[in-house]
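Student: Structure for the following, please:
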Amino acid sequence: MWCRIRQSLSRLVLVGSLIMLFLLGLESWSIPPATASIRQTEEAPGQTLVQSRHTLRDKTGNAWQVVLFKRLKANDAISINLRLVGFPGAAKFAHPQPLTMITETGTILSCKDMFAEKSPAANVGQYDFTNALNKLPTAASVHLFPLMSDAQPIKLKIPPEVILEWQIVAASK
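Tutor: Reported below is the predicted structural model:
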């Protein structure tokens with residue numbers, strides 16, 4: 001009788017240990033929490049660049065680098081721009097075309113193409129975001145619709161966490 005109790009307890013301890021090891025193992029495979037990727041760089045004396053960088057995927061699975069940056073100059077000149085970079089050969093922006101944004105409430109916003117004259121590469125688009133940023137919701141996502149030269153529809157969903165990070169960049173001094 002005592003032997004059966006001892007054997008049952010041993011099995012219970014073994015099963016409990018295996019379950020505990022399994023649960024601890026799952027923790028090591030979990031995705032780490034997202035962190036803000038705000039960078040601040042002194043480009044020149046009296047000129048600072050503050051930027052937020054993210055890699056997002058469009059509805060077809062293509063990766064896009066989305067960079068919002070604010071350039072601060074000693075003479076108080078401030079510019080806030082959004083740069084979109086697609087995979088070379090897969091994306092070719094139609095310049096000069098504005099960037100269209102639609103909020104979840106249906107508000108349509110537009111940003112001027114900064115590369116209307118000359119783009120550093122066909123897969124790079126940059127837009128003046130100074131006036132649009134304060135009109136974006138901080139608790140909802142926004143959809144970006146950059147125009148491509150091949151009329152291929154592109155839709156990038158910007159989550160609220162990224163928009164909140166953009167607000168932090170805009171408020172930086």
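
Student: Need the residue closest to the centroid of this structure.
Tutor: The centroid of the chain falls nearest to His54 when counting by C-alpha atoms, centre = their mean (3.4 Å).

Student: Pairing partners for it in the sheet, please.
Tutor: On the basis of DSSP bridges, His54 is bridged to Val66.

Student: Show me the helices in the chain, by range?
Tutor: For the chain, applying DSSP state H gives helices covering 2-29, 160-171.

Student: mind listing the strands in the chain by residue range?
Tutor: In the chain, the segments counted as strands under DSSP state E are 38-44, 47-57, 63-73, 78-85, 99-103, 108-111, 124-128, 142-145, 156-158.

Student: From Phe87, how far out is Asn62?
Tutor: For Asn62, the distance to Phe87 (C-beta to C-beta, to the nearest Å) stands at 6 Å. (Glycine included, C-beta is placed from N, CA and C.)

Student: So which of the two has more stuff around it?
Tutor: More crowded of Asn62 and Phe87, by other C-beta atoms under 10 Å: Asn62, with 14 against 11.

Student: Just say which of the strands of the chain is most tucked in.
Tutor: strand 124-128 (a mean of 22; mean count of other C-beta atoms under 10 Å).

Student: Pull out the CA atoms of that strand and give them to me as PDB.
Tutor: Listed next in PDB are the C-alpha coordinates belonging to strand 124-128 (Å, rounded to 0.1, in the frame of the first residue of the first chain):
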ATOM      1  CA  VAL A 124      11.700  55.600 -52.600                       C
ATOM      2  CA  GLY A 125       8.900  58.100 -51.900                       C
ATOM      3  CA  GLN A 126       9.000  61.000 -49.500                       C
ATOM      4  CA  TYR A 127       6.000  63.100 -48.400                       C
ATOM      5  CA  ASP A 128       5.600  66.400 -46.400                       C
END
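
Student: what angle do it and strand 78-85 make?
Tutor: Counting by axes from the mean of the first three to the mean of the last three C-alpha atoms, to 10 degrees, strand 124-128 lies at 150 degrees to strand 78-85.

Student: Met101 contacts Phe145, doesn't it?
Tutor: Yes - look at Met101 against Phe145 with C-beta atoms under 8 Å: they come within range, at 7.3 Å.
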